[in-house]
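Engineer: could you look at this predicted model? Sequence included:
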Amino acid sequence: MRAVVQRVSRGSVAVEGRIKGEIGRGLVVFLGVGQDDTEADARYLAGKISSLRIFEDNQGKLNLSILDIGGAVLVVSQFTLYGDCRQGRRPSFTAAAGSEEANILYELFVAELAGLGVRVATGCFQTVMQVELVNDGPVTLLLDSKKNF
């Protein structure tokens, strides 16, 4: 699984002009599921993201997690994180999981985050969405459950 994690002051996702999910201070997580991903990958990333110390403490150091600040996470599915642009000009998405398998792991990731005590909002799987966010910092991190980066 791959995730782009952005620390935000607010974020929202809309489908057909209607807000599906929104948060205040917290994280927006764009989540991609690969063909070889398993439940262990979803659990690993949920644990990692919930404990990332990327919020400032009273001394201005990045020492606090989403749980420490009582923030929320907006999770948006994004298969394009598995787009391979190394050849030609059109990305290949052959490494992305099929929609049924990806949705199962996406839902598991969301449930794992919630089970860890994180308030979670979501987009709508396999739907065209409009995402708005205000990146705070900016802080943006790339995570990969296979630790490829």
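Structural biologist: Everything's here; your move.

Engineer: could you give the bridge partners of the spatially most central residue of the chain?
Structural biologist: With distances taken as C-alpha atoms, centre = their mean, V29 lies nearest the centre of the chain, 2.1 Å away. Beta-bridge partners for V29, by DSSP bridges, are V5, V75.

Engineer: for it, list the residues it contacts.
Structural biologist: 3-6, 49, 73-76 (C-beta atoms under 8 Å, 6 or more residues apart in numbering). C-beta coordinates here come from the backbone N, C-alpha and C atoms, glycine included.

Engineer: and of the residues you listed, the nearest to D136?
Structural biologist: Closest approach between the contacts of V29 and D136, by C-beta to C-beta: Q6, at 8.2 Å.

Engineer: what's near enough to touch that closest one?
Structural biologist: Neighbouring residues of Q6 by C-beta under 8 Å, 6+ apart: 27-30, 133, 135, 138-141.

Engineer: same thing with V134?
Structural biologist: 8-11.

Engineer: got the residue ranges for the helices in this protein?
Structural biologist: Ranges of helices within the chain are 39-51, 66-69, 99-115, based on DSSP state H.

Engineer: S9 contacts V28, doesn't it?
Structural biologist: No - between S9 and V28 there is no contact under C-beta atoms under 8 Å: 10.6 Å.

Engineer: neighbour count: those two, which is higher?
Structural biologist: Neighbour count, other C-beta atoms under 10 Å: between S9 and V28, V28 has more, with 28 against 13.

Engineer: could you check the pLDDT of the more buried one?
Structural biologist: Looking at V28, its pLDDT stands at 98.

Engineer: now swap in F149 and tell me
Structural biologist: With respect to pLDDT, F149 scores 87.

Engineer: surely it touches L142?
Structural biologist: Yes - using C-beta under 8 Å, F149 makes contact with L142 at a distance of 5.8 Å.
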